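Student: My questions concern the predicted model and sequence given below.
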Amino acid sequence: MKDTRQYIRIDEVEKLFDLTKGQILDAVEFGDFELNVFVTANGVGGVNHNNDLLAIFDVKALVELSNSASRKLLDGEVRLKRFPANNILAVRNLSTANKRFPEALKGEFNSVKSTLPSEEELTTVVGEITAMMPSAESFKERFHEQFKPEEFKADSQGDAFLGALNGMNIMLQSLGESSKLLQSGYITLKPENIRLDKEKLNQYFGLSNRKNNGLSSVLIEDPSTVNETASSPEKTGLKPNIQTHPIKQIIFDVLSVYPQAKVNEVWNLIKRDSQIDSGRQFDKEGIVSEMTNDTLFYFGSEKERQVTYDYFRKKLFYSVKRDMKKTSP
């Protein structure tokens, strides 16, 4: 049966794509790839562009994270105050805030709507809605605002103080449900709920051209057209550079043609190049014997050696990038 899901778990990527989990993590940590996360939360609020509280409900949704939030989620739980309501999967127990908290004041919101919203009105989901007693500072502000004890007329300081106390007593007597303010809490995102957008994977790693070459900004339709347009270091504005490690030299040759290529793109370009028996574009000496998703095998010093993807990324790729920056005009 064809898998028609748009979002998959990160542990499924190696089964469904010619990619490894390590490549996904690298694209987040060292690139600009953005993760999605599945969210389930109860009692959240729905607001519009004006920050009016439209409704309270239980929700299941998929949230697209920024790259910085994606990196944080790889390290542990992340808490959000709100997220866009553009990918809600299910809503239950929908009601107005007035029905849940009939006497509470608007609190952090501009207003509280008394009728349920249309789908178009709802733009943002905020954390769990609760009605809380105001803080001491906000209570003090309300007291001064309503009773202005400094304006109490008295013949003495003692009478003025008693007048202020009388005002506070009236205030305290009025405290109750109506003194509570509506506020939103946090929504907790968990690493185990990470999801990957299959369409985004195709676009970022260039899999939509069915070449599985891992390119997002570099799409190759025909190797012959690349050979025609592939530029020498002089044409790309790069000064000649001699790399002692044979794989670093291949990386340099790739970056000379595609200076903006990311590490996963370079890896997959070399992998694709290695599948050509003769006339390779980057591995001109034909030293790469085989490449898997996470290991590169090559001939060196009369025996076969290997380089892992992590070593390729940390020790070789970024070393070449630094060298090229130093020698660029």
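Tutor: Sure thing, it's come through.

Student: quick one: contacts for the residue nearest to residue 111 when sequence neighbours are not counted?
Tutor: Once flanking residues are discounted, residue 111 sits nearest to residue 52: 4.7 Å by C-beta to C-beta, 6 or more residues apart in numbering. C-beta: built from backbone N, CA, C; applies to glycine. Going by C-beta atoms under 8 Å, 6 or more residues apart in numbering, residue 52 touches 109, 110, 111, 112, 113.

Student: I figured residue 193 was touching residue 38, is that so?
Tutor: Yes - counting by C-beta atoms under 8 Å, residue 38 is a contact partner of residue 193 at 4.4 Å.

Student: ok, which stretches of this structure are helices?
Tutor: 13-16, 21-29, 67-75, 97-100, 136-147, 157-174, 198-205, 223-229, 246-257, 263-274, 309-311, 318-327 (DSSP state H).

Student: which other residues reach the third one?
Tutor: By C-beta under 8 Å, 6+ apart, the residues outside helix 67-75 that reach it are 25, 28-29, 31-35, 37, 65, 78, 80, 189, 191, 194.

Student: so which of those is the most crowded?
Tutor: Ranked by the number of neighbours (other C-beta atoms under 10 Å), those place residue 35 first, at 26 neighbours.

Student: Which residue is the nearest non-sequential neighbour of it?
Tutor: Nearest to residue 35 is residue 70, by C-beta to C-beta, 6+ apart, at 4.1 Å.

Student: now swap in residue 129 and tell me
Tutor: Counting by C-beta to C-beta, 6+ apart, the residue nearest residue 129 is residue 45, at 4.4 Å.

Student: roughly how far apart are that neighbour and residue 323?
Tutor: 53 Å (C-beta to C-beta, to the nearest Å).

Student: For the residue nearest to residue 129, the count of nearby residues, please.
Tutor: Using other C-beta under 10 Å, residue 45 is surrounded by 28 other residues.

Student: show me the contacts for it.
Tutor: 53, 54, 55, 56, 97, 125, 126, 127, 128, 129, 184.

Student: Measure how buried the second one is and give me the count.
Tutor: The number of residues packed near residue 54 is 23, by other C-beta under 10 Å.

Student: so it makes contact with residue 46?
Tutor: Yes - with contacts counted by C-beta under 8 Å, residue 54 reaches residue 46, the gap being 4.8 Å.

Student: Need the overlap of contacts for these two.
Tutor: Common contact partners of residue 54 and residue 46 (C-beta under 8 Å, 6+ apart): 117, 122.

Student: What does the pLDDT read for residue 309?
Tutor: Per-residue pLDDT puts residue 309 at 89.

Student: Provide the count of other residues in contact range of it.
Tutor: Counted with other C-beta under 10 Å, residue 309 comes out at 21.
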